[in-house]
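Chemist: The following comprises the amino acid sequence and a computationally predicted model.
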Amino acid sequence: MDNVLPSGQNVHKKTKQKITWKKIKAQKGLIFMALPFVIWLLVFAYSPLVGWVIAFQNYLPQNGFFGSEWVGFKHFKDLFSEPMFYTALKNTLGMGGLGLIFGTLSSISFALILNEIRFSRFKKFTQTVSYLPHFVSWVVVANIVIQSLSTSGVVNQFLLSMNFIEKPINFMAKGDYFWGIVTVADVWKETGWNAIIYLAAMTSIDQEMYEAARVDGATRWQQMWSITLPSIRPIIIVLLIMSIGNLINIGFEKQMLLGNNIVANQALVIEKYALDYGIGMFRYSFGTAIGIFKSVVSIILIFTFNGIAKRTGEGQLM
């Protein structure tokens, strides 16, 4: 009896291995195509993680990894004790949150509007025009925004002509407006591009559902609310989870280009803080500690909101 069980386990193990190899052989073409991307990911995304070790050292380039002094969590303690870090964190989460909310809403709304357009030529033209801002450099976008919001810009001229204001407002020198300016510029630049995935999801919806709704007398608004949105909800949830994971990784290009000395406190974000107070001051270990903090927060956000989505049954990332 003792000999039967191991042999049975061996047979099961061999059968499982055969099935695995059959699956690999059947998908060898796809695996071969994916291999370069896997190698790229390992080389450029995972191998640099070895450098995280310097966050626990007083790293000096001339001493290298092995010659630098180990200091444990000193740089993390320094990070959490600096007031400017919390200013940068607040700005990052604030602008990231505004961008997430208004960016998602604008992309979904724009995709819904395009989906309702029946004149195909106009629809294609609108799609093409809406994609173009995505390919425009932030340098160009920032210049357009700064010129438009200057005291002699088109925005002030319009407000003066409508008697909404008595004298021009220097929007770019008002810290209270900075988050809003960045959000509007970002939404304008990326709405058309981000709407592509939602449009693709809408094209896969069964048209018979719309026909049945029209027979029942449903209006376009009712069809949109009761058929289109529920059908693309899983896609919305997945993209939302991915966006939430990048909530703290909003970059610093737009803040740096749109900001100035007057609104420096409102424009300071985590990446800019790491650049100025880390690498810019040759504090490589401190800069790495900031990078680790960002990665840990992103992972926590992704798993938290993915777990919430999983429990509610609204779709999930993994």
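Modeler: Everything's here; your move.
Chemist: Spell out the residue ranges of the helices in the stretch 201-318 of the chain.
Modeler: For the stretch 201-318 of the chain, the helices defined by DSSP state H, counting those that start in this stretch cover 207-215, 220-223, 229-245, 253-258, 264-267, 270-277, 284-312.
Chemist: Could you pull out the buried residues of the fourth one?
Modeler: Translated: helix 253-258. Using 16 or more other CB atoms under 10 Å as the test for burial, helix 253-258 gives 254, 255, 256, 257, 258. All C-beta atoms are positioned from the backbone trio N, CA, C, and that covers glycine.
Chemist: Could you double-check that the third one sits in contact with residue 272?
Modeler: The reference is to residue 256. Yes: in terms of CB atoms under 8 Å, residue 256 counts as a neighbour of residue 272; the distance is 6.3 Å.
Chemist: Including distance to residue 301 and pLDDT, could the buried residues of helix 253-258 go into CSV?
Modeler: Formatted as CSV, the buried residues of helix 253-258 follow (distance: CB to CB, whole Å; pLDDT from 0 to 100):
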residue, distance to residue 301, pLDDT
254, 21, 94
255, 20, 94
256, 24, 94
257, 26, 95
258, 25, 95
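Chemist: Of the residues you listed, which is the nearest to residue 143?
Modeler: residue 257 (8.2 Å; CB to CB).
Chemist: Can you tell me how far the nearest residue to that closest one once chain neighbours are set aside is from residue 268?
Modeler: Once flanking residues are discounted, residue 257 sits nearest to residue 142: 3.7 Å by CB to CB, 6 or more residues apart in numbering. As judged by CB to CB, to the nearest Å, residue 142 and residue 268 stand 17 Å apart.
Chemist: the more surrounded of these two?
Modeler: residue 268 (24 against 19; other CB atoms under 10 Å).
Chemist: quick one: that one and residue 89 touch, right?
Modeler: No: the pair residue 268 and residue 89 does not pass the contact test of CB under 8 Å, sitting 9.7 Å apart.
Chemist: Quick check, pLDDT for residue 188.
Modeler: pLDDT, residue 188: 96.
Chemist: try the one 4 residues further on
Modeler: The score at residue 192 is 94. That number is its pLDDT.
Chemist: So what's the residue count around it?
Modeler: As a burial measure, residue 192 scores 22 neighbours (other CB under 10 Å).
Chemist: how close does residue 165 get to residue 157?
Modeler: 11 Å.
Chemist: how about the nearest residue to residue 84, chain neighbours excluded?
Modeler: residue 273 (6.6 Å).
Chemist: my guess is the one you found meets residue 85, correct?
Modeler: Yes: Residue 273 is within contact range of residue 85, at 6.5 Å (criterion: CB under 8 Å).
Chemist: Output the below-cut-off pLDDT ranges for the stretch 1-150 of the chain.
Modeler: Applying pLDDT under 70 to the stretch 1-150 of the chain picks out residues 1-18.
Chemist: What's the separation between residue 237 and residue 119?
Modeler: Where residue 119 is concerned, residue 237 sits at a distance of 32 Å (CB to CB).
Chemist: Please say which of those two ends up with more neighbours.
Modeler: Using other CB under 10 Å, the more surrounded residue of residue 237 and residue 119 is residue 237, with 20 against 9.
Chemist: tell me the pLDDT at the closest residue to residue 251 other than its chain neighbours?
Modeler: For residue 251, ignoring the flanking residues on the chain, the nearest one in space by CB to CB, 6+ apart is residue 271 at 6.0 Å. Confidence at residue 271, expressed as pLDDT, is 93.
Chemist: how many other residues sit next to residue 271?
Modeler: Residue 271 has 21 nearby residues by other CB under 10 Å.
Chemist: now the longest helix seen in the chain against helix 270-277, angle please.
Modeler: Longest helix in the chain, counting residues (DSSP state H): helix 83-116. In terms of direction (axes from the mean of the first three to the mean of the last three CA atoms, to 10 degrees), helix 83-116 departs from helix 270-277 by 150 degrees.
Chemist: Tell me the gap between helix 83-116 and the middle of its chain.
Modeler: 9 Å (CA atoms, centre = their mean, to the nearest Å).
Chemist: That one: what's the following helix or strand?
Modeler: helix 120-131 (DSSP states H and E).
Chemist: ok, residues contacting that next one?
Modeler: 110, 114, 117, 191, 192, 193, 195, 196, 199 (CB atoms under 8 Å, 6 or more residues apart in numbering).
Chemist: Farthest pair within these?
Modeler: So for the contacts of helix 120-131, where distance means CB to CB, the most widely separated pair is 117 and 193, at 18.0 Å.
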